[in-house]
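**Student:** Quick one, what's the 3D model for this:
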Amino acid sequence: MVFRRIISLLAFCTAAMLGFAAAGCGFFSSSDHDQRERDEKTRDAVAKATEQVKPILQEAGKDLKDVAKVAAEQAHAAVAGAKEGWERGGQKALDLNSATETELIALPGITRRQARRIIAARPYRDKHELVSRGILKEDDYSKISDAVTAK
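**Tutor:** Below you'll find the model as predicted:
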């Protein structure tokens, strides 16, 4: 609706300017004085048309700003929803403090030996302690970091 209003106003202004310009293009032989008079009338008419359209265009600009703000908020909410849905669709994070050896071995790249070392070093306050305590190397940890937690 706002866009239609803007387009129709711009079309009106363009038509007015072209009409005034065509009227003063020199199709009739006239003196310089007549030409200046037509030019002045054209300027005045276009200035008046612009003056009349200006508040409407300003209001349309405000409407567009409001619409853009709502669209940005909705996009942000959609991204948050997509993230939440992605996380819901996956498996629940495995708690390092209560996971069994079998569950730990099921994690990508974790061997039986590493699983036993993880269990032996419990409890964990933070999942990154697997690296800081020397139980896993950073490369191995990065493979499982999204799949584990320390509760």
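
**Student:** Lowest mean pLDDT among the helices and strands of this protein, which one is it?
**Tutor:** Every helix and strand in the chain was compared by mean pLDDT, DSSP states H and E; the lowest is helix 2-23, with a mean of 61.

**Student:** how far does the host helix or strand of residue 48 sit from the chain's center?
**Tutor:** Residue 48 belongs to helix 32-89 when elements are defined using DSSP states H and E. Taking C-alpha atoms, centre = their mean, to the nearest Å, one finds helix 32-89 lying 19 Å from the centre of the chain it belongs to.

**Student:** other SSEs contacting that helix?
**Tutor:** Counting contacts by 3 or more C-beta pairs under 8 Å, 6 or more residues apart in numbering; DSSP states H and E, helix 32-89 is packed against helix 2-23. Any C-beta I mention is one placed from the backbone N, CA and C, and that applies to glycine too.

**Student:** care to break the chain down by domain?
**Tutor:** Taking automatic domain parsing as the criterion, the chain consists of the domains 2-89, 94-149.

**Student:** Could you export these as TSV, including mean neighbour count?
**Tutor:** Converted to TSV, these look like this (neighbours: other C-beta atoms under 10 Å):
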stretch	mean neighbour count
domain 2-89	12
domain 94-149	15
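
**Student:** comparing the ones you listed, which gets the lowest mean pLDDT score?
**Tutor:** Of all the domains of the chain, the minimum mean pLDDT falls on domain 2-89 (a mean of 75).

**Student:** Distance of residue 55 relative to residue 62?
**Tutor:** 11 Å (C-beta to C-beta, to the nearest Å).
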